[in-house]
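Asks: sequence and computational prediction follow.
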Amino acid sequence: MAVTDKMPELIGKSPLRVDVHGKVTGAAIYTDDIQFGKNLLYARVKRSPHPHALIKKIDTSKAEALPGVKVIVTGKDYPQRIGLYLKDKNIFATDRVRFVGEAVAGVAAVNEEIAEKACELIEVEYELLEPVFDSIYGASPDAPLIHPDMGDYEVANFIFPKPGTNISNHFKARKGDVDRAWKDCAAIVEKSFHIPQVQHVPIEPHIAIAKTDDNGRVTLWASSQSPFAQRNLIAKTLGISESDMRVIAPYVGGGFGCKAGVTMEAMPVAIALKAKGHPVKMRFTREEEFYTNFVRQGLKIKLKVGCDKDGNMLAMENTMYWDGGASTEYGVNITRAGGYSSTGPFDIPNVKTDSFCVYTNHPIGGAYRGFGMSELHTGIGQVMDELAEKIGMDKVEFLKRNSIQGGDINVTGMKMHPIGLQECIDKVAKGINWGVKEKASSDNKLRGKGIAISWKAPAMPPNAGSSAFIEMNEDGTATVNVGGQEIGQGAFTVAAQIAAATIGLPMEDIRIAGPLDTQYSPYEWQTVASRLTWSMGNAVRFAAADARRQILEMVAEAWDEDVDDLDIINGIVVSYRSEKEMSLKNIAVYGIPKEDDQGWIGGPVVGQGSFMPSYVTGLDPETGQGPRAVVHYTTGAQGFDIEIDKDTGKIEILKAVTAFDVGRALNPELVKAQMEGGMMQGISSAIFEEIILEEGVMQNPSFVDYRIATTVDVPRVMETYFVEVPQDDGPFGARGIGEHPMTPTIAALGNAIYDATGIRLEGPPFLPEKVYLAMKDAGILD
Amino acid sequence: MLYRRQARRYNTYKRKKTMLNPHPGLPEFTYVKLASLDEACGFLVEHAGEARLISGGTDLLVRMRDKAFKPAYVVDIKGLEGTDVLAFDPSSGLKIGAAVPMNRVVAHPDVQKHYPLLAQAAKSVASYQLRNRATIVGNICNASPAGDTLGACLLLGGRLNIYGKDGERFEDLVTFFKGPGKTSLQPGEIVTSINFPLPEKGATGTYLKLGRNKLSDLAIVGVTVYGFPDKMTESGFRIKVALASVAATPLMPPVVETVLSENEITEDTIQEAANASMDACFPIDDVRGSARYRKEMVRNLTRNAITEVWGQLQSRTENGLEANR
C-alpha cells in the first residue's frame, strides 16, 4: 500500500496520553465499574485442595438446596477441552485435579456469601495420586503421568508433544556440530540455574461477567488483553458460533500477560449458559489470584558454552526444563520461544538446544511480560560473563565481539535484520562507567557492576493479524477503531499518533473508540508479545492512509486537481499548486457539493487497514532450522552499578542503565516509561519475587509475604537510551519495546553481584539472606 | 539424580500445609459501641471468649477475614473515656490513649522532642495509610513478636493503664507479654493507655528494622537500642537492647546491658554485646527468613545500633562539655 515516506512532525514527539485524564480523575471505566442491575448473580469456585488426585465423586445436592443458589456446574457439564496452542485444560476439572486450587465446580448465587457457602457444601471425594513437583523429574520416565491422554489433545502444528511422557513440547535446535566444537574451545563454562515461578500481580484482579440472552447469544465483559482470542477460544470450546459471542473489554488495571489467552473467563460463561438472562459475575480475590492465576513458569536451565583463545564463541549446549504446571496450553509456546531464541543475542556457530515443556502439579504457567526471555537470559547472561572472565577478556569487549549483528545467521537459520545492539552495549557500558573500579561508599559495603544483553521476538503464531478502521466525523475529527487493548503501555496514544500523523490531523482531533467490543472493534489477535505498536500500528497506518486517500481523491475531484499536489495539514486540505484550502469539517462525512448545485462528490470517509506477517516459516522439528522463525528481534543491553551491605546482604542499586534498539521511538516518553517500568519489574523479580511452593501449595499467597518493588525501591539513578535502527516493516520503522527491558535484568544484576563478591547464586530472587549467607559461607565476611 | 531425591521426598509426603480459603471474607459479627469503659468491661465479661476489642482494626479485621478470629462481637474502644488522650506533662511524662493512631503520635511535637525513638519506631510500621488507623496500644495488645513499637515501648519504661471489672490497675510492659498473641490481660480487661516516664537525661536511641523491601514490610529482625549516661555504672552509660521477631515475645537480653555497663565501651565490648545479643535469641525458620540468618542479623544490627547510639551519646557528652566551658 502506498504510504507516504516523509516523516511527519508528530512522530518522535510525546503528546499527552489519550487515556490520562480519565485514569487520573477516576472517570475511566474498568470492568467492575459496570452496573448490571438486580438480576446479577455472583459466582464462586470450589477448588481442589490436592496437587494431584482423581475425582471419584462430586455431590452438589446440599449446595443446590441452599436458598439463593441458582446454578452449579461441574466438569461433567463441560467435558470439552480448551487451550491456545494445546487443548489440555478443562474449564472445570473432569476426572482429575492437577494443581492445588484447580477449579472443580462453579456456583452462581444471589450474593457472594451464599455462593461461598454453597462452595463449602459441595462434597468432593478424591483419590490421591503421586504428584510431580520438579520439572527434571517430571520429564523422566519414572514420573507419574499427569496427562495420560495427551496423545488425543488438539495441538498447533509447531508444537511437538511426546505422548506417554509429561513432556508437552520438545523444541530442538541443532546448528553446526557442537561435539566437534568443544575440542577447539580454549575455555568452557558449564552452569545450571533455577528460576522460580513469579506472578504478574496486577493491581486489578481478574474479573469477568457473562450473560446469555434468550437467543443463546453470549456477552462477556472482562478485564482482558485478548477479547478476540477469548471470543474464539471460549466460543469454540462451548459450541457457540463466534459471531454469537461478544466480548467487551474495558480498561485493564494491569495485565503483564496474565489477562491474555483464557485464564478464568470461560468459567462465568459456562455458568451463564445455564442461567439465561442473568449476568454472572466472577471476581477474583487476591488470594485466588495468587493461588490459581497463571504464573511465569519455573525454569531449570543447564548451559555449556565455549570460546576460542581470542574469545570468539564456538559452541553452546542449552538444556531447559520448564516447569509448565498442570496445563501448558499457553506454556508450550513459551518453551518454543525459549528454544528458538536459545542462544540469546549471540552469534554462535555450533548450537544444540533442547527445550522441554514439562507438566508438573504446580500452578499453570502462562504468558508473562517477555515470556521465556527473562528466564532464559538469566542463564545465558551469567555464563557469558563467566566465559569472558575465563578467557581473560574484558566483559564488554566479549559481548561486542560475540553479539549477533545484521546479516548473521542465527540459531534457527534466520538471517538477522539490521540491529543496533553494538551501540546499545556501548551506551550501557558508558552509562555505568564500565571498566572503572569504583570505591564503595563505606567499609561495610561491596561495590560491583554487571552488564547483560538480551533479545526477544514477538512469540505468536506466524499469522497473528491486526486490523483497524478510521471513521471521519462531521467536525473533521477521526475516530480510530482498533482491537488492541490499552493495558497501560500507551497503545491507544500511539495508535492516535500514527493516525494523526498519517492523515494530517492534530493529535487532539483523534478519538479512540472504546471500550473494545468484538461486535464493533476490528480484529486483533491479542495484546501481547510487544506486537501492538508494530502490528496494530501498521494496520492503523494503512487505515489512516486509506482515509487520507479517500479525502484527497474527493477534494482533487472537486478542485479538478491532481491528488499529488494536495496535502492535509492540521486538518486542512491544501493544494500546493492552486494554494486553495479546505477544512475537513463537514466534507469528510457529507462530501463536497459540486458547483452550481449540480450534485455531490465523496461521502462518509471510512479508511480500513489490516496487517498480517506473511513471511514466517515453519521450522524443521528435528533441527529447528527454517528460513524465518520470527518476524524480528528487539535487542538491547542493561547494566547496574550496585553496592552490597556486608552486614545484611542487601543490594542497593546505585545506577541502572538500559539501552534498546526500538527501531524508532514513536513516542519517546512512552518508550522511556516502558523501559523504566520494565527494568523495575525486572528488578522486582530479581531481588524480591518468588512463589514459594511446598508440595504444590503456595506458602506466600498475600502481599505480606509476596513482596513486589514499590516506588521507594526504585534505583537512585535510572538512565534509558534508545537506539534507532529502523524495522523495515514497522510503522515509521518502529518495533516493540513493551517486554524487553525486563529480560536482561536478572542476569545483569547477577553479574553485578558476582563482580562485587565473586559469588554466583543459583537463581533469583537475590534476597539479602541468600546473598549474606553465601558471602558468609565463602568466607568473605570477617 | 534430582528426580530420585524428589521421589524419596515424596515417600514421606504428608500434606502438612493446605491452601487457605481462597475466598476469605469477614465472618458475621455484631459491632458494639458502648458509652463507657464500665459498660464495655461489663460486656466483655458477659461475653468472654466471644468478644474482641477493636481500635484501628488493622490487625483484627485482617485476621477475622482469614477466619483466624471469629468473634461474635467486636467492641469498639474509640470514644471511650481517656482513649483519645495524647498528652505530655513535663513533670510526669507521656500518656498515649488506646485509640490514638500512630500518625498522631509520630507527628506530636513533644513525642518528637522527648521520645524520638518512639516516633522512629512507630514510623516504621506498615504504611502511612495503615498508620492513620493503627495504634500503639493495639500493636502492644496484638502481642506479635514482630511488633515494631514494642521494643521502644519496653525500653522507654512503658506502663499500661488497664481498666477491669475491679477498677483500674497498672502493669509494667515488661511483664505483659506471655507469648505470640498472648498477654497478661484478664477477661474483661481493657488497656486504656500506655504511659511513659520522663526520658533519662541525655538519652538517645534507635530502631533498626530489617525488612525485605524498603516500605511497609514486617520485621525479619528488629533491634531497638536505648542508652543514656549513668554515673552508677562502670562504663558511665547504660545501654539497653530489645529484639523483635527472634523469640515468642519481644526480648530484652539483660546480658547486653551488663556487658555495656560493666566494661569500658569500645568496639570490642560493643561486639561482645552484639554476640551476647545473638546468643540470647532463639528465632525460628519461616517464610520471611531462616533462624540462621536471623541470628546473624541480630548480631550485626545490634552492633550497628549500639555503635550508632554510642556515637550519639559520645557526641552529646562532648557537646555538653563544650557548653560548660
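Replies: Yes, it's here.

Asks: so how many other residues sit close to residue A:772?
Replies: Residues lying near residue A:772 (other C-beta atoms under 10 Å in any protein chain shown) number 24. Just so you know, the C-beta spots here come from the backbone N, C-alpha and C atoms, and that holds for glycine as well.

Asks: from residue B:216, how far off is the nearest residue to it once chain neighbours are set aside?
Replies: The shortest distance from residue A:772 to any non-neighbouring residue, by C-beta to C-beta, 6 or more residues apart in numbering or on different chains, is to residue A:649 (2.8 Å). To residue B:216, residue A:649 is 21 Å away according to C-beta to C-beta, to the nearest Å.

Asks: re earlier: residues near the residue nearest to residue A:772, how many?
Replies: With other C-beta under 10 Å as criterion, residue A:649 counts 26.

Asks: please apply the same query to residue A:658.
Replies: The burial count for residue A:658: 28, using other C-beta under 10 Å.

Asks: now the strand or helix carrying it: average pLDDT?
Replies: Here residue A:658 sits within strand A:651-661, counting by DSSP states H and E. For strand A:651-661, mean pLDDT rounds to 98.

Asks: how about stretch A:19-33?
Replies: Rounded mean pLDDT across stretch A:19-33 is 97.

Asks: would you mark the buried spots in that stretch?
Replies: By neighbour count with 16 or more other C-beta atoms under 10 Å in any protein chain shown, stretch A:19-33 contains the buried residues A:19, A:28, A:30, A:31, A:32.

Asks: correct me, but residue A:89 touches residue A:78?
Replies: No - between residue A:89 and residue A:78 there is no contact under C-beta atoms under 8 Å: 11.2 Å.

Asks: ok, residues contacting stretch A:726-733?
Replies: For stretch A:726-733, the external contacting residues (C-beta atoms under 8 Å, 6 or more residues apart in numbering or on different chains) are A:7, A:11, A:417, A:498, A:501, A:533-534, A:537-538, A:540-541, A:613, A:631-632, A:663-664, A:666, A:724, A:734-735.

Asks: can you give me how far it is from the chain middle?
Replies: What separates the centre of stretch A:726-733 from the centre of its chain is 21 Å, taken as C-alpha atoms, centre = their mean, to the nearest Å.

Asks: of all of chain A, which residue lies closest to chain B?
Replies: residue A:137 (3.0 Å; C-beta to the nearest C-beta).

Asks: in the chain, what spans have low per-residue confidence?
Replies: No chain specified, so I'll use chain A. Along chain A, segments meeting pLDDT under 70 span A:1-6.

Asks: switch to chain B, that's the one I care about
Replies: Looking along chain B with the criterion set at pLDDT under 70, you get B:1-16, B:320-325.

Asks: and the helices in it, which stretches?
Replies: Taking DSSP state H to define them, one finds helices in chain B at B:2-11, B:37-46, B:60-65, B:102-107, B:109-114, B:116-123, B:128-131, B:136-142, B:150-155, B:254-262, B:267-280, B:291-324.

Asks: okay, residue A:651 and residue A:749: tell me how far apart.
Replies: Going from residue A:651 to residue A:749 by C-beta to C-beta gives 7 Å.

Asks: domain ranges for the chain?
Replies: If you meant another chain, say so; for now it's chain A. What automatic domain parsing lists as the domains of chain A is A:20-29+A:465-611, A:34-129+A:206-283, A:373-460+A:620-777.

Asks: correction: the question concerned chain B.
Replies: According to automatic domain parsing, the ranges for chain B are B:86-196, B:204-317.

Asks: how about the residues of the stretch 101-250 of chain B near chain A?
Replies: Contact residues (C-beta under 8 Å from any C-beta of the partner chain) of the stretch 101-250 of chain B with chain A: B:210, B:212, B:213, B:214, B:215, B:216, B:217, B:218, B:220.

Asks: list phi and psi for residue A:426.
Replies: When read as degrees, to the nearest 10, the backbone of residue A:426 gives phi -60, psi -40.

Asks: cool, residue B:158 as well?
Replies: Note on residue B:158: backbone dihedrals following degrees, to the nearest 10 are phi -60, psi 140.

Asks: verify the contact between it and residue B:173 for me.
Replies: Yes - counting by C-beta under 8 Å, residue B:173 is a contact partner of residue B:158 at 4.1 Å.

Asks: what do the two both touch?
Replies: The contact lists of residue B:158 and residue B:173 share B:140, B:194, where a contact means C-beta under 8 Å, 6+ apart.

Asks: looking at the two, which is more packed in?
Replies: Neighbour count, other C-beta under 10 Å: between residue B:158 and residue B:173, residue B:158 has more, with 25 against 21.

Asks: need the contact list for that one.
Replies: B:140, B:172, B:173, B:194, B:195, B:196.

Asks: identify, from those residues, the entry nearest to residue B:244.
Replies: Set against residue B:244, the nearest of the contacts of residue B:158 by C-beta to C-beta is residue B:140 (12.5 Å).

Asks: my guess is that closest one contacts residue B:153. True?
Replies: Yes - Residue B:140 is within contact range of residue B:153, at 6.4 Å (criterion: C-beta under 8 Å).

Asks: who touches both of these two?
Replies: Common neighbours of residue B:140 and residue B:153 (C-beta under 8 Å, 6+ apart) are B:173, B:194.

Asks: of the two, who's got more company?
Replies: residue B:153 (30 against 24).

Asks: you'd agree that one is up against residue B:195?
Replies: No - with contact defined as C-beta under 8 Å, residue B:153 does not count as touching residue B:195 (10.3 Å).

Asks: for residue B:37, see how far away the residue of chain A positioned farthest from its centre is.
Replies: Here the centre of chain A is the reference, and by C-alpha atoms, centre = their mean the most remote residue is residue A:596, at 58.0 Å. Counting by C-beta to C-beta, the separation of residue A:596 from residue B:37 is 95 Å.

Asks: cool, and residue A:416?
Replies: Following C-beta to C-beta, the distance that separates residue A:416 from residue B:37 is 78 Å.

Asks: who are the packing partners of the following helix or strand past the strand holding residue A:658?
Replies: Counting by DSSP H and E, the element after strand A:651-661 in chain order, helix or strand, is helix A:668-687. In this structure, helix A:668-687 packs against strand A:651-661, strand A:717-723, helix A:745-757, with contacts taken as 3 or more C-beta pairs under 8 Å, 6 or more residues apart in numbering or on different chains; DSSP states H and E.

Asks: mind saving the C-alpha coords of helix A:668-687 as CSV?
Replies: C-alpha atoms of helix A:668-687 as CSV (Å, rounded to 0.1, in the frame of the first residue of the first chain):
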residue,chain,number,x,y,z
PRO,A,668,9.8,8.8,23.4
GLU,A,669,8.1,9.5,26.8
LEU,A,670,6.1,6.3,26.4
VAL,A,671,9.2,4.3,25.3
LYS,A,672,11.1,5.6,28.3
ALA,A,673,8.2,4.7,30.6
GLN,A,674,8.2,1.1,29.2
MET,A,675,12.0,0.9,29.6
GLU,A,676,12.0,2.2,33.2
GLY,A,677,8.9,0.2,34.1
GLY,A,678,10.1,-3.0,32.6
MET,A,679,13.5,-2.6,34.2
MET,A,680,11.8,-2.1,37.5
GLN,A,681,9.6,-5.2,37.1
GLY,A,682,12.9,-7.0,36.3
ILE,A,683,14.5,-5.7,39.4
SER,A,684,11.5,-6.7,41.4
SER,A,685,11.6,-10.3,40.1
ALA,A,686,15.4,-10.3,40.6
ILE,A,687,15.5,-9.3,44.2
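
Asks: mind listing what's buried along that helix?
Replies: Result for helix A:668-687 [16+ other C-beta under 10 Å]: buried residues A:670-687.

Asks: what lies in contact with stretch A:684-693?
Replies: By C-beta under 8 Å, 6+ apart, the surrounding residues in contact with stretch A:684-693 are A:133, A:196-199, A:290, A:295-296, A:362-363, A:374, A:651, A:698-700, A:705-709, A:713, A:742, A:745-746, A:749-750, A:764-767, B:212-213, B:287.

Asks: picking up where we left off before, show me the contacts for the residue farthest from the centre of chain A.
Replies: Neighbours of residue A:596 in contact, by C-beta under 8 Å, 6+ apart: none.
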